[in-house]
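Peer 1: Need a 3D model of the sequence below.
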Amino acid sequence: MTDSKYFTTTKKGEIFELKAELNSDKKEKKKEAVKKVIASMTVGKDVSALFPDVVNCMQTDNLELKKLVYLYLMNYAKSQPDMAIMAVNTFVKDCEDPNPLIRALAVRTMGCIRVDKITEYLCEPLRKCLKDEDPYVRKTAAVCVAKLHDINAQLVEDQGFLDTLKDLISDSNPMVVANAVAALSEIAESHPSSNLLDLNPQSINKLLTALNECTEWGQIFILDCLANYTPKDDREAQSICERVTPRLSHANSAVVLSAVKVLMKFMEMLSKDLDYYGTLLKKLAPPLVTLLSAEPELQYVALRNINLIVQKRPEILKHEMKVFFVKYNDPIYVKLEKLDIMIRLASQANIAQVLAELKEYATEVDVDFVRKAVRAIGRCAIKVEQSAERCVSTLLDLIQTKVNYVVQEAIVVIKDIFRKYPNKYESVIATLCENLDSLDEPEARAAMIWIVGEYAERIDNADELLESFLEGFHDESTQVQLQLLTAIVKLFLKKPTETQELVQQVLSLATQDSDNPDLRDRGYIYWRLLSTDPVAAKEVVLAEKPLISEETDLIEPTLLDELICYIGTLASVYHKPPSAFVEGGRGVVHKSLPPRTASSESTESPETAPAGAPPGEQLDVIPTQGDLLGDLLNLDLGPPVSGPPLATSSVQMGAVDLLGSGLDSLMGDEPEGIGASNFVSPPAAAVPANLGAPMGSGLSDLFDLTSGVGTLSGSYVAPKAVWLPAMKAKGLEISGTFTRQVGSISMDLQLTNKALQVMTDFAIQFNRNSFGLAPAAPLQVHAPLSPNQTVEISLPLNTVGSVMKMEPLNNLQVAVKNNIDVFYFSTLYPLHILFVEDGKMDRQMFLATWKDIPNENEAQFQIRDCPLNAEAVSSRLQSSNIFTIAKRNVEGQDMLYQSLKLTNGIWVLAELRIQPGNPSFMDLELSLKCRAPEVSQHVYQAYETILKN
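Peer 2: Here you go, the predicted structure:
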């Protein structure tokens, strides 16, 4: 008879009977009683009162009974910690049992009992089991260390279990190796800073040897561990790839994806000219295709991962288009994902096939799928120019079907085709206008209005068409209202005599009757433009538009690189880094692909980087509104905001007048409330010399430049200043400062949400700058930023970004994105954050270099009223990496000879003469010599800032 009988009893007084049976002398009766107890526990009855009686049953040789008792113990130890201590002796005894299964069972149960009082008693038995002769016991003990670390990390470290775990990586049994790797990875995940998995070529070799022989889950642990290793050169990377490649033919899809992750990561280090690189590309395609023959849920996960792989390396699957064709019985989520990948793989070679498929899909019954298929036809036209004509005729055929949602989607994509190929397919406009009445979706209405406005001169009744939309202006969505306003202004500029009434009507509706600030602002700007200078209005509104790109939905390259490192995990399905959806105290490590060994980007020094220096080769991705990929120079950046006010007034914080000299005449005497803050200030040259920075459009008083006295700990840190006021960033206020500690630079930010909505999805990007400053990691805001909430973030920086000489030299232009918009600001960083720790020059070298640098490169400065003596000056400067090489006294004056080195390798030599002024203050004379004299002014400012704060 089966064990189901234990679940059917409903007797009363059962606990008392069970107690008697548990204490019976007969082994069979005891076993029956324990089974009944476990059955009651399973259905949710409280049988904790039987704890002492069940624990007494542990003293048995019967393995089945022992397992049942251990199961009971795991469940109730937490609620009965004092009673659980009774079981400790049995554990200790079982850990020395001759039967390895019992030893492993004891150590596994010990790990599952999460009671602090017991853990210290478990150390001795666990230590023995980690060195047990039987591999089954060792592999169980390895996992137990990870469980114990979760309960009491300090205890595990003190007992030296972590070192024993590291030794197990060299074990002769592959399963022990796999479990040791799994345990160390688990522990390392909760302590990202600890370097537990200290991988080297020897340990990697052991892992690769174990890889062939352990179970599938063991293989996944080892492959994930390999993915975190960075080979020292391309030969090692190739060797690892060769040994991992056989895993691609594994039956378990998780093993396949883990192997793909390792190969995708290490391919970064291989030169594309290698024969092996081509071979590897060919080997990666079949396993990915095989994953698509699994059940739909697995297919979806595979497709989400393939989507990332195709964005990174489209050449892997370029010949496999047919496997992504949709089957009639695919679930909608698989269909939509396949469509996305089809577009990414579309090329001139396969476009005919793809279009035939998409046309077929557009006649399906599933509305969402049909919409996406119609959009896909438009994306094909934009991506493959040779196919554009065929795509347009396909779209026209679809419009003739008169299916409402098909027509609307077709009009939206035809608008994009017009933007990509102007003056090429305008003959279809008549057909589009016939369908005007059937449009009821905002996006389609907005697209149609754009087409009418853009080609108003070719449409005889354009004014009537736009007037028909104007009748229900206030019932339209904002998207349609904004588009209608622009279209009517375009129409007026093309046919001024016929449409004057129409334009006045729409401007009045937008500015006087609307409560939408965006619409109102746009209305006022058009009104002012048209009334002040119609010629300028024509140049602005009818300006030639940039062509749109084929791939507007690519994942931003740094995020894509990070997601490639998470192939086969949830992050690759969500297409978000773990930090975006993993909550809790565990630190999330940011991963990135290893750098290419072949071409390392050189960073130039400021004197060799002219203003127009070509940037390092970037991935050519056209930014969508949500991406931060444009060159920030082309965007609306106000005057830079300094940290604490700079010492001299000679530094001009110039801002570019992007609209040329026409800005003043366009704005006239407009009150500040009307969009004035959206414009860039005039050039710094126009500002009176006695002002330190240009006032711009009266906005400099919005920057709350607090200058307090920083405490001295290591390098001097300026107090935080407001870099981006809330009123310029839709409620987001950003304050910050720069720090350098133990060789690493960071930007310490304070983000405050002064808006009424929650802010999420933060990202940051720097423009090219004089010293190549760039974020070393993505901007991490771990939780959504609620209204009136402030969060402090330290963003690590490095100096390996693209270099371009800025004016002034220490100007940094920054873009910050969140779910609301992208915002831009610029700030000045203090140069002392770039002074490196190895800036102390040898005495002889100092003398030779000083003589070698021409005298015209020497710059003299004065620092008045310094409150420090020579010793204190030397010590204070040394904490900011300005090193004193020699000191002497000449006629009662102290002379300090100093050196410092910038991150880009430029040396600056200094002679500091200290003249006693009044009793408590000194006057300092500073002479600086440097091969890049433009740096001297900023080095002097660093000296003054450090010594006076």
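
Peer 1: nearest residue to Ala447 other than its sequence neighbours?
Peer 2: Using Cβ to Cβ, 6 or more residues apart in numbering and skipping residues adjacent in sequence, the residue nearest Ala447 is Lys415, 4.0 Å away. The C-beta positions use only the backbone N, C-alpha and C, and glycine is treated the same way.

Peer 1: ok, the one you found to Pro546 distance?
Peer 2: Lys415 sits 15 Å away from Pro546, going by Cβ to Cβ, to the nearest Å.

Peer 1: re earlier: is there a neighbour count for the residue nearest to Ala447? I'd like the number.
Peer 2: Neighbour count for Lys415, taken as other Cβ atoms under 10 Å: 21.

Peer 1: Let's verify the residue nearest the centre of the chain: helix, strand, or coil?
Peer 2: The chain has Pro778 as the residue nearest its centroid, 4.3 Å off, counting by Cα atoms, centre = their mean. The three-state label given to Pro778 by DSSP: H, G, I helix; E, B strand; the rest coil is coil.

Peer 1: In the stretch 501-650 of the chain, where is pLDDT below threshold?
Peer 2: In the predicted model of the stretch 501-650 of the chain, residues 550-552, 584-590, 596-650 satisfy pLDDT under 70.

Peer 1: picking that back up, confidence score at the residue nearest to Ala447?
Peer 2: Predicted confidence (pLDDT) for Lys415: 87.

Peer 1: State the helix or strand in which it lies.
Peer 2: Using DSSP states H and E, Lys415 maps to helix 404-420.

Peer 1: starting at the chain centroid, how far to that helix?
Peer 2: With Cα atoms, centre = their mean, to the nearest Å as the basis, helix 404-420 stands 33 Å off its chain's centre.

Peer 1: i'd like the first residue to be 833 from this point on
Peer 2: Got it, first residue is 833 now, which makes that one helix 1236-1252.

Peer 1: tell me which residues of whichever helix or strand comes after it are tucked away?
Peer 2: As assigned by DSSP H and E, the chain's next helix or strand after helix 1236-1252 is helix 1261-1266. By 16 or more other Cβ atoms under 10 Å, the buried positions in helix 1261-1266 come out as 1261, 1264-1265.

Peer 1: Tell me who's in contact with Pro1146.
Peer 2: Going by Cβ atoms under 8 Å, 6 or more residues apart in numbering, Pro1146 touches 1176-1177.

Peer 1: Distance check, it against Ala985.
Peer 2: Using Cβ to Cβ, we find Pro1146 at a distance of 45 Å from Ala985.

Peer 1: can you pull the pLDDT of Cys1223?
Peer 2: As predicted, Cys1223 sits at a pLDDT of 87.

Peer 1: burial count for Ala1015?
Peer 2: Other residues close to Ala1015 by other Cβ under 10 Å number 26.

Peer 1: Leaving out the residues flanking it, which one is nearest to it?
Peer 2: Nearest non-adjacent residue to Ala1015, counting by Cβ to Cβ, 6+ apart: Ala978, 3.9 Å away.

Peer 1: do you know how far Gly1633 is from Thr1735?
Peer 2: For Gly1633, the distance to Thr1735 equals 11 Å [Cβ to Cβ].

Peer 1: Which of those two has more residues huddled nearby?
Peer 2: A direct count of neighbours by other Cβ under 10 Å for Gly1633 and Thr1735 places Gly1633 higher, at 22 against 19.

Peer 1: Leu1605 is in contact with that one, correct?
Peer 2: Yes - between Gly1633 and Leu1605 a contact is recorded at 6.1 Å, counting by Cβ atoms under 8 Å.

Peer 1: any shared contact partners between these two?
Peer 2: Taking Cβ under 8 Å, 6+ apart as the criterion, Gly1633 and Leu1605 both touch Phe1598.

Peer 1: one step back: with pLDDT as new columns, can the buried residues of helix 1261-1266 be given to me in TSV?
Peer 2: Below are the buried residues of helix 1261-1266 laid out as TSV (pLDDT from 0 to 100):
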residue	pLDDT
Ile1261	83
Leu1264	82
Cys1265	82
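
Peer 1: want to try JSON lines for those residues, with distance to Leu1663 as columns?
Peer 2: Formatted as JSON lines, the buried residues of helix 1261-1266 follow (distance: Cβ to Cβ, whole Å):
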{"residue": "Ile1261", "distance to Leu1663": "58"}
{"residue": "Leu1264", "distance to Leu1663": "58"}
{"residue": "Cys1265", "distance to Leu1663": "61"}
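
Peer 1: Can you tell me which of those residues is nearest Ile1231?
Peer 2: Leu1264 (7.5 Å; Cβ to Cβ).

Peer 1: ok, for that closest one, nearest residue in space, not its chain neighbours?
Peer 2: With Cβ to Cβ, 6+ apart as the criterion, Leu1264 has its nearest non-adjacent residue at 5.9 Å, and that residue is Ile1243.

Peer 1: Near the one you found, how many other residues are there?
Peer 2: Using other Cβ under 10 Å, Ile1243 is surrounded by 26 other residues.

Peer 1: Same check on Val947?
Peer 2: Count around Val947 with other Cβ under 10 Å applied: 16.

Peer 1: so what's the closest residue to it other than its chain neighbours up against?
Peer 2: Nearest non-adjacent residue to Val947, counting by Cβ to Cβ, 6+ apart: Pro913, 4.6 Å away. Contact analysis of Pro913 by Cβ under 8 Å, 6+ apart lists 947-950.

Peer 1: From Met890, how far off is Pro913?
Peer 2: Distance, Pro913 to Met890, using Cβ to Cβ: 17 Å.

Peer 1: mind listing what's buried in stretch 1609-1617?
Peer 2: Those would be 1609-1611, 1613, 1617, for stretch 1609-1617 by 16+ other Cβ under 10 Å.

Peer 1: what's the answer for stretch 1169-1183, then?
Peer 2: Result for stretch 1169-1183 [16+ other Cβ under 10 Å]: buried residues 1169-1179, 1182-1183.

Peer 1: got those as a markdown table, with distance to Asp1162 columns?
Peer 2: Listed next are those as a markdown table, based on distance: Cβ to Cβ, whole Å:
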| residue | distance to Asp1162 |
| --- | --- |
| Glu1169 | 9 |
| Lys1170 | 7 |
| Leu1171 | 10 |
| Asp1172 | 13 |
| Ile1173 | 13 |
| Met1174 | 13 |
| Ile1175 | 17 |
| Arg1176 | 18 |
| Leu1177 | 17 |
| Ala1178 | 19 |
| Ser1179 | 23 |
| Asn1182 | 20 |
| Ile1183 | 22 |
